[in-house]
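# next one to model:
(chains A, B, C and D)
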Amino acid sequence: MSLVLTEEQELLQETAREFVKQRSPLAKLRELRDTQDPVGFSRELWKEMAELGWVGIVFPEEYGGAGLGYAELGLVLEECGGQLVAEPFLSTVLLGGNAVLLAGNETQRKDVLPAVCGGERILALAHQETHRHDPYRVTLRAEASGGGYRLSGEKAFVLDGHVADQLVVVARTSEQVQSREGLSLFLVDADAKGVIRTPMHMVDSRNAARIRFEGLELDRSALLGEVGRAAAVLDRVLDRATVGLCAEMLGGIQEAFKRTLAFLKEREQFGVPIGSFQALKHRAAEMFCQIELARSVVLEALRALDEERADAPELASLAKARCADTYFLVGNEAIQMHGGIGVTDESEIGFFLKRARVAQMTLGDAAYHRDRFARLRGF
Amino acid sequence: MSLVLTEEQELLQETAREFVKQRSPLAKLRELRDTQDPVGFSRELWKEMAELGWVGIVFPEEYGGAGLGYAELGLVLEECGGQLVAEPFLSTVLLGGNAVLLAGNETQRKDVLPAVCGGERILALAHQETHRHDPYRVTLRAEASGGGYRLSGEKAFVLDGHVADQLVVVARTSEQVQSREGLSLFLVDADAKGVIRTPMHMVDSRNAARIRFEGLELDRSALLGEVGRAAAVLDRVLDRATVGLCAEMLGGIQEAFKRTLAFLKEREQFGVPIGSFQALKHRAAEMFCQIELARSVVLEALRALDEERADAPELASLAKARCADTYFLVGNEAIQMHGGIGVTDESEIGFFLKRARVAQMTLGDAAYHRDRFARLRGF
Amino acid sequence: MADLEGFREETRSWLEEHCPASKRGPQADTEEVWGGRRVSYKNPDSKLWLERMSARGWTAPTWPKEYAGGGLSQDEAKILQQEMQRLRCRLPLISFGISMLGPVLLEFGNEEQKREYLPKIVRGETRWCQGYSEPGAGSDLASLQMRAVLDGDEYVVNGQKIWTSYADKSDWIFCLVRTGPDTPKHDGISFLLIDMASPGVSTTPIRLISGYSPFCQTFLEDVRVPKQNLVGPLNGGWTIAKRLLQFERSVISEGFGVSPRKRSLEELARRYLDCPSGTLPDSLLRSRVAQQIMEDECFRLTLKRSAEETKAGQGPGPASSMFKYYGTELNKQKYELMLSLLGMQGLGWEGEGFEPEELVITREWLRSKGNSIEGGTSEIQLNIIAKRVLGLPD
Amino acid sequence: MADLEGFREETRSWLEEHCPASKRGPQADTEEVWGGRRVSYKNPDSKLWLERMSARGWTAPTWPKEYAGGGLSQDEAKILQQEMQRLRCRLPLISFGISMLGPVLLEFGNEEQKREYLPKIVRGETRWCQGYSEPGAGSDLASLQMRAVLDGDEYVVNGQKIWTSYADKSDWIFCLVRTGPDTPKHDGISFLLIDMASPGVSTTPIRLISGYSPFCQTFLEDVRVPKQNLVGPLNGGWTIAKRLLQFERSVISEGFGVSPRKRSLEELARRYLDCPSGTLPDSLLRSRVAQQIMEDECFRLTLKRSAEETKAGQGPGPASSMFKYYGTELNKQKYELMLSLLGMQGLGWEGEGFEPEELVITREWLRSKGNSIEGGTSEIQLNIIAKRVLGLPD
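Got it, this is the predicted structure:
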């Protein structure tokens, strides 16, 4: 497989670009924010995306998906990222959907995935518990109870957890906190009694939830995958989600840079376009290089997922560290180069900075992924 | 005491500037290097400096010194740093001399310091053992033997150790490696039997030595200060030496910047001075700010030594971290801004880069001093 | 020296007696007093404190007594400041009139103007704002377009200002207006004082990315201004403008020298790394915290050195560009570090999921992005340093 | 595809049979073969290997067969490269003729020139160097002063070049000379080939801060050059010059994509942090090592992507500026990190106290400082990116 797009991929890219531009430009996010929309994205739009086949891109056809790969999903996510589309790809497809696909049995898959691919069901992965990404740090306990399990504990920053229909919950069934062993996944109806959700309104105008499980009783059939062995699946889910998030970030990075470049050419001070000032030129050129690097590593990481390569985890961390740093750089430079206009809410450029910061921390920041890369390399 | 110079200090500064310019410009260092001078500095010049009273500036008058302070010594070191003067202030005055002053008994002081102040005796502090500064990491052992001690082990990077007349050796008399307890100081004649010196020629054209002690027998009177309690003295010696080194670095930083600025104004490309290019202007302005900060902290640290303030250790680390980073920045920018000429040996600007790198590592690099600062602040 | 010590003692006992207890120690932003016609006091002590201080002229300690100032020497003013800090007295008045307009009037205003405006500033009766930037004239301030045309004894002013801090809350505005030809740009600018109650003045707040609205757009439509409100010579306003910018830069950079009421970086690190004492567990974050504290410290020492060196009494020179540039960049870096410490907890916008203190940090992180833009961008400051301090050619 | 697989097998077996064992695997710098009249072989196998490879044209695999090249397609050339890597065959010849002059002659030379010069390059008979920069013309290359005046059938050349790599070891030099008016500067430049054995040519090596002397000053005094040595049109040399700079940049940046024989960063870290296995003990250095490896990896992936994207066969475009800029900056950063790992042990100049490997790292650290200057400074590359790639205005 090549890094150069096939004809089909080019078509998909164009369709996505056009759709996002027409139906979900950045103004949409502002509108959702300003009307204090309790969902934070549009369920109708999500259905339309499902009808276009995007929601199910990576899921097998037998579950209503398109059976395509991450190279294709990446194109859609990149376009969505360019306009900061808030629809729940990350929560529902990359995190929740993949958890069900990779860990679920046939019954579970058949139950969940077609509804996901149809855009009818929103999922969320309830894994994080503190303010920092740390996947094996799980204190929420699932204890054997009757024929099933009882869940007690709390999750935080559950992306789209405030409106998800079902939650995939990472729980500890044995071992100590921080242990990679002893983790299990459960599929939980979000409106079950004993599930208490508090919405968290994030600075990027997306939403998450703090979710408390107060002795929630679950049937045995709620278990997703093998008991105590969830870490391996969780790793794969997080890698896929991380790379998908990176594709979204890449789109945002490129768009913020494009807008900044346009502004540099347009805005005049001292009788000339400010883009003619060498100091700004050099900083723009530096950004260009950083973005090219980000692009290369994201494309390679998507390819590695599709080829199920052994270096996929390494590439996921490589991509996330790089995109986090690059989005940070570009987000900040975009504001500074836009000058006074950049810090007004009226301008859209600030939305990129906000998204950059949240995306940077989501699923581990650059420091986390550099540490993980070193661990994967054994040093 | 003010950061603004007194009349006496201004006079001292002018004298030092003039002397260094006339008697020891940077060309001198090149000459010593190119003639492969085995000493690496000029003993005659050192004597002259002693006659001017500089060597003894900080030592009490009773030992032949001038009884002045670090504010004054700093002025001299700053001027020396500007021309990369290689004479042994650091080894003989700041390290060795201070060790004798702070740890020695009256007999030892009377024996050593007047000879030091007179420029007749070169000292060195043999403390470091590995390639990294780590003051309590001492494996060289001093064992009780007869009425005295027997020294066995090896020291490395002993500054000016290749020509020192006497060595102050940090040895372990008890406790484990890395322990702050159990260290003792010994005053050793450098040409004693059982002291084997290998010169180390450094990239900055200065010299150090690897010194092996092969069961060197010492009289009891060689002990400098209390047995096993050397750490407290060593800390003070290292703080003074660090701040003094920073004053020297400040001089080098300022001179390298001055030369670079002059070059930017002089060198033409595309029909204009390259200093008119905004990207270079901004980088020069950034350097200016960094240098101003370095200057402030060095002056404050010198003052803290003179006032024997409790925050002197903190300020020493603050100054070293800052000077290390700033010399690094300026050294590298100086080369890049000089372009092709900057990387030729014919130009003097490269000497600053080389000195910057060695000075940066000597007595702990920025990472070491940031860690130490945090420890001193208790976090 | 003996005199100064006497002054210190008097000052100390006066402060101890007259500073209300509720005006000592930390206080909320909402208790700040900005004065003006429309002032309202949340705390009656604030009013009392302002009256007592301004009666002595100590809201503007070094201004001459004839203009209701304190008439103190630099040394005495420093002692007053030290003693206020000792007792942790809050500032009785925060005012662009004191920090920006006043020094300019003292230097460039005529006797009548000084007598008219300065006392009202000292007493907090008039709240001033600054009308400099325009939509097309940001970094290139001199290209401003607001026009003032003489018509009898009045100027008729038309145009739009932007980034006017608190214009919606101010009584008067000091404005740069174009009274002369466009080219050369700098030669046709004048410095004019305008009562915002005049017909034709209107303001609209600008919402920032932080959600705050400290700035406004200010529109002037056929506003009539008496010609005696001109400060300095006609078409000679650019010199005044530059001088005032130096005062403004000092204000902005000094603002970053200290941050009184907030949790320190170390405290935040301890809290969010879950480490009440001892060595912080995350070496990388610990190192960044140390580095930030050390850089703040270096900056503080540089402000201190600069103060000592310019003690002779000169106003701020081009070095103020350095403080503006470096102070704001350092502040941005500090907020980024705070966000790294807080993790996801530092990325809230509103609502229950976050503590109020966390939400404030997030908002101020966003607010900090503007620091390196307002009052002359970092790029402009670097240009000034390169040209004025380093003498690099154009 | 089947053809390519066939080619791969043939190539593999030919290499296995013909590449001498001593020319496989790592080798010292001193075993590199640069060819030329004055070549001498430390290892007789080097001569044999060069002869065998150049007989097939495989020292310049994609050049047409009529000029003694290999006549391979891009795909075949890639296979040859892969198979050589598989067997770890060393390059038979390192040559500016192959990497820089050849491509330019193929594009701009006349038939006679191609027949004259290319085969000798392929066979390593002529060693070429590049005469571009002059003392007053570095970044501003077009301001060069070396003058060539036609006198009968010959140009008479006078002037000085600087930064001529290995001029003291080369046979011929390709030079930019001024044949036309000074203004506009770019229009009076021609591209001339000069035999360095001609009377009036002399060279002086330049000593660098690293102690190495890879460059020379080259002086030409009344050197007579046959006029058929002009490449391309008279006064039309600037186009050729720019094209060649792109090839040069690719060479320099590719050079930093891989570093074959040296210890890896991880190995250095293990050695100098005294940690043969497991997690490295110094978190800060560990993080820097990880970051450097990751950035190198990102850069490698970008080279790879660029190669895939331009597979169609175009030469290097303005993106080569990015690789030159980023590759050299990354390389400098990597040497700084190595020095941080080695500590004082990385700061030796010569003598016993240091291991040879350490001294090499120190020297190469110093050498790396020149990478961002030679072949067009980083600043020039950023200018090119801003202008050509981003379209920012002058």
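# from the contact counts, what lies against the lowest-mean-pLDDT helix or strand in chain C?
Within chain C, no helix or strand scores below helix C:237-254, which has a mean of 80 by mean pLDDT, DSSP states H and E. If you count contacts as 3 or more Cβ pairs under 8 Å, 6 or more residues apart in numbering or on different chains; DSSP states H and E, helix C:237-254 packs onto helix C:102-108, strand C:172-178, strand C:189-195, helix C:319-342. Heads up, the C-betas are built off the backbone N, CA and C, glycines and all.
# now the angle from whatever helix or strand comes next after that helix to helix C:319-342?
Following helix C:237-254 in sequence order, the next helix or strand is helix C:265-272 (DSSP states H and E). When axes from the mean of the first three to the mean of the last three Cα atoms, to 10 degrees is applied, the directions of helix C:265-272 and helix C:319-342 differ by 10 degrees.
# and helix C:265-272, does that touch chain A?
Yes - counting by Cβ under 8 Å from any Cβ of the partner chain, contacts between helix C:265-272 and chain A involve residue C:272.
# can you show me the helices along the stretch 251-379 of chain A?
Using DSSP state H, counting those that start in this stretch, the helices of the stretch 251-379 of chain A run over A:278-306, A:312-338, A:349-361, A:366-377.
# same list, these, but as CSV with distance to chain C and mean pLDDT please.
Listed next are the helices of the stretch 251-379 of chain A as CSV, based on distance: least, Cβ to the nearest Cβ, whole Å; pLDDT from 0 to 100:
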stretch, distance to chain C, mean pLDDT
helix A:278-306, 6, 97
helix A:312-338, 5, 98
helix A:349-361, 4, 98
helix A:366-377, 5, 98
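# which ones are touching residue A:83?
Counting by Cβ atoms under 8 Å, 6 or more residues apart in numbering or on different chains, residue A:83 makes contact with A:20, A:21, A:24, A:25, A:26, A:28, A:29, A:255.
# and those residues near chain C, which?
Near chain C, by the rule Cβ under 8 Å from any Cβ, you find none of the contacts of residue A:83.
# and which of those is nearest chain B?
Among these, residue A:255 lies closest to chain B (Cβ to the nearest Cβ), at 25.7 Å.
# touching, the closest one and residue A:82? I think so.
Yes - judged on Cβ atoms under 8 Å, residue A:255 makes contact with residue A:82 at a distance of 3.9 Å.
# give me the more crowded residue out of these two.
Remark: of residue A:255 and residue A:82, residue A:82 carries more neighbours, 25 against 22, as counted by other Cβ atoms under 10 Å in any protein chain shown.
# got the contact list for the more buried one?
Neighbour list for residue A:82: A:17, A:20, A:251, A:252, A:254, A:255 [criterion: Cβ under 8 Å, 6+ apart].
# dump the residue contacts of the last one.
Going by Cβ under 8 Å, 6+ apart, residue A:255 touches A:81, A:82, A:83, A:352.
# could you chop chain A up by domain?
The domain map for chain A lists A:7-89+A:105-119, A:124-228, A:232-376, with the assignment taken from automatic domain parsing.
# pull up the distance across the second one, start to finish.
For domain A:124-228, the separation between the terminal residues is 20 Å (Cα to Cα, to the nearest Å).
# chain center to the lowest-mean-pLDDT helix or strand in chain A, what's the gap?
Across the helices and strands of chain A, the lowest-confidence element by mean pLDDT, DSSP H and E is strand A:268-269, at a mean of 92. Chain-centre distance of strand A:268-269: 38 Å, with Cα atoms, centre = their mean, to the nearest Å.
# quick one: residue C:382 is in a helix?
Yes - according to DSSP: H, G, I helix; E, B strand; the rest coil, residue C:382 belongs to a helix.
# my guess is it meets residue A:279, correct?
Yes - using Cβ under 8 Å, residue C:382 makes contact with residue A:279 at a distance of 7.4 Å.
# more neighbours: these two, which one.
In this view residue C:382 and residue A:279 are compared by other Cβ under 10 Å, and residue C:382 has more residues nearby, 23 against 19.
# contacts only, for the more buried one.
Residue C:382 sits next to A:279, B:281, B:282, B:285, B:286, C:321, C:325 when contact means Cβ under 8 Å, 6+ apart.
# re the thing from before, quick one: which of the helices and strands packed on helix C:237-254 is nearest chain B?
Ranking those by distance to chain B, with Cβ to the nearest Cβ as the measure, places helix C:319-342 first at 4.9 Å.
# for the following helix or strand past that closest one, packing partners?
Per DSSP H and E, helix C:319-342 leads on to strand C:348-350 as the next helix or strand towards the C-terminus. Under the contact criterion of 3+ Cβ pairs under 8 Å, 6+ apart, strand C:348-350 touches strand A:195-202, helix C:356-371.
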